[in-house]
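Asker: okay, sequence plus prediction incoming.
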Amino acid sequence: MKALSARRFFVSMSVVVVITAATLLICVPISSAIGFSESVDTLFHPGTASLSQYQIIYEIRLPSVILAAIVGAALSVAGVTFQAILRNPLADPYILGVSSGSALGAVIAVFTGASFALAGFSTVSVFSFAGSILTTAMVYFLASGRGHQLRYNLILTGVIVGAFLSAFVLLFTATLRHNDLPRVVFWLMGNLGTPLEHFPLGIISLYVIAGSAVLFAVSRSFNAIMLGDEAAFALGCNPARLRTYAFLLGSLIVSAAVSVSGLIGFVGLIVPHTMRLLVGSDHRILLPASFFAGAAFLAAADTLARSALPDRQIPVGVVTALCGAPVFLILMRTRMRKSYFG
Amino acid sequence: MRNLHILWIVASLCLSCARYDSALPSESAGQQRIVSLAPNITEILFAVGAGGTLVGVTTYCDYPQEASRITKIGEFTNVNMEKIVALKPDLAIGTRDGNPPEVLQGLRKLGIRVETFQPATFEETCESIVEIGKLVGEESNARALRDRMTKNCEEVIANRPAKSPGILLLYGSEPLVAAGKGSIGDELIRLAGGKNIMAESPGPYITTNLENIIARNPEVIIDLSMGTEKNSREAALKKWSRWQSITAVRNGQIYVLNPDLICRPGPRIVEGLKLIAQAVRKAAQ
């Protein structure tokens, strides 16, 4: 693997950013409700569009694509982060308990039938965010002790706490009223369809971008920690502190994403690996590249899921897995020359 | 040792005989003992005057009031077989779509007679009422009820407005599930004189999205997912208020109905029809 030069960084990042921007731009006018040329017209000439066309493109499609991009970016960045600090290629954003915590929050919200909106976020979103934050804190406190042991404790604690909370999720789901069950299943499958208003969308975007920016800033340390804790220490990185902060920050980002989108699987696992094959495993480029690639991937997958069949919707998680897996396998067979995880 | 074997075989044979014994239904003084496996069946039984024969109902059977006091035997799929057997019913009445075959077969294997009904249209609902009436010995009441329902339906048809406004009937919001062709909701819309905007899509229940709804622009939205509290209509109006491009939203033609009036094929379906007809007439003005 070649060393990362400034030139290579700028060239690769430019390609990634341009492709992402193009993908997002194409995704907005694709809708099963109105024709493509009509949509493009509305997109570039909003003044001449009817109210229906305007609302479809600017108040439904555009926020949906932005939301899918933000969620995809968040999941991918968190995936890279957790894979690095746990030195485990199977780590995904949900492995450290966030998925069960947010699922439990969502199920409790549906079970109690509470209904209040906070700053434009639905009850289910608020509860699931609270659930995942509390779970992250629980996992952190249970796993921390001797700093350098945090790696093993963290993954075990995360998985065990996750399993424990999943039991409660099942319990609540089993006792739900008949009418509420589809709501919960729908949330668990992951859904990007509910258009957020501008204010909550802005908050989530800022939150994810800010969190990711902090992680980009310490990407050098992720390179170091991949060499092992002792080597990392020798290179001036504090593995225990890095692990703690990366875990907390990554979980915060994922909690925000999952609270509005439900549990969309596969993105956080496959985008990091795909980008590793395309741009290398230097985290200074891998992190930002995964951010943009994740955004493009999920936006495209969601658009496909919502417009492939007329009138009906496929769950977005189905599309991410069906399309992502073959692409990844092809890349892996053609480009992987060595294992990055030793 | 050999005596022990013989004792064991004899004991097993005795026990297996005993199992069937307790499952035989017992008829006491000609009064039937009926278990209902679905809320619409419960409503039909009460409506034809056979409410007194019910010994077991599901946890969803909440209408009429008296039904809530009857022993609960579980839900559609999660049915408590032991409780049903302990009630010694002569007959269990269920549905083919709501109750899974495992439950129905399981009850039959325990020696309980099971009859199922699955009305898919208004007319089939009326016919099911008559059939159930025959089963429980209340045929004349059942026929009278059917005639009343048919008459109400004919009145609604006679009062249909000249214009057919576009109607969207939503069963759920998360995900958005609309009544499509082949569902009872679709039929009620047509009987009431409206035009179901989702009628071209195949399948009785259509998972759709907001873009499609905006593109089809209904003049009336009937949202069954908002519950029946006093402020449900306000909440529904507020929920939809963002999408001003929809005619129904601009004109305030958003209605919340008790979903049981449309989703339970039974005597109250005629009330659902009348309410939909009211909405249609108002929109057609």
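Answerer: Great, that's in hand.
Asker: what does the stretch 1-150 of chain A put close to chain B?
Answerer: Neighbours of chain B within the stretch 1-150 of chain A, by C-beta under 8 Å from any C-beta of the partner chain: A:31-34, A:50-52, A:54-56, A:59-61, A:115. All C-beta spots, glycine's among them, are computed from the backbone N, C-alpha and C.
Asker: most neighbours of all these, which one?
Answerer: Of all those, residue A:56 has the most neighbours under the rule other C-beta atoms under 10 Å in any protein chain shown, reaching 28 neighbours.
Asker: assess the claim that that residue and residue A:30 are in contact.
Answerer: No - the pair residue A:56 / residue A:30 is not scored as a contact, 11.3 Å apart, by C-beta atoms under 8 Å.
Asker: need the overlap of contacts for those two.
Answerer: Common contacts of residue A:56 and residue A:30 (C-beta atoms under 8 Å, 6 or more residues apart in numbering or on different chains): residue A:39.
Asker: the closest residue to residue A:36 other than its chain neighbours: neighbouring residues, count only.
Answerer: Distances taken as C-beta to C-beta, 6 or more residues apart in numbering or on different chains put residue A:29 closest to residue A:36, at 5.9 Å, once the chain neighbours are dropped. Using other C-beta under 10 Å, residue A:29 has 23 neighbouring residues.
Asker: pLDDT wise, what is residue A:29 at?
Answerer: With respect to pLDDT, residue A:29 scores 89.
Asker: do the same with residue A:8
Answerer: At residue A:8, pLDDT is 87.
Asker: restricting to C-alpha, output the helix or strand harbouring it in CSV.
Answerer: Following DSSP states H and E, one finds residue A:8 within helix A:6-27. The C-alpha trace of helix A:6-27 is given here as CSV (Å, rounded to 0.1, in the frame of the first residue of the first chain):
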residue,chain,number,x,y,z
ALA,A,6,-1.3,15.1,0.0
ARG,A,7,-1.9,14.8,-3.8
ARG,A,8,-3.4,11.4,-3.5
PHE,A,9,-5.6,12.6,-0.7
PHE,A,10,-7.0,15.5,-2.7
VAL,A,11,-7.5,13.5,-5.8
SER,A,12,-9.3,10.6,-4.1
MET,A,13,-11.4,12.8,-1.9
SER,A,14,-12.4,15.0,-4.9
VAL,A,15,-13.5,11.9,-6.8
VAL,A,16,-15.5,10.6,-3.8
VAL,A,17,-17.1,14.0,-3.1
VAL,A,18,-18.1,14.6,-6.8
ILE,A,19,-19.6,11.1,-7.1
THR,A,20,-21.5,11.6,-3.9
ALA,A,21,-22.9,15.0,-4.9
ALA,A,22,-23.9,13.6,-8.3
THR,A,23,-25.6,10.6,-6.7
LEU,A,24,-27.5,12.8,-4.3
LEU,A,25,-28.5,15.2,-7.0
ILE,A,26,-29.9,12.4,-9.2
CYS,A,27,-31.7,10.8,-6.3
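Asker: my guess is residue A:111 contacts residue A:183. True?
Answerer: No - at 10.2 Å, residue A:111 and residue A:183 do not qualify as touching, with contact defined as C-beta under 8 Å.
Asker: pull out the buried positions in the helix holding residue A:8.
Answerer: A:9, A:12, A:16, A:17, A:20, A:23, A:24, A:27 (16 or more other C-beta atoms under 10 Å in any protein chain shown).
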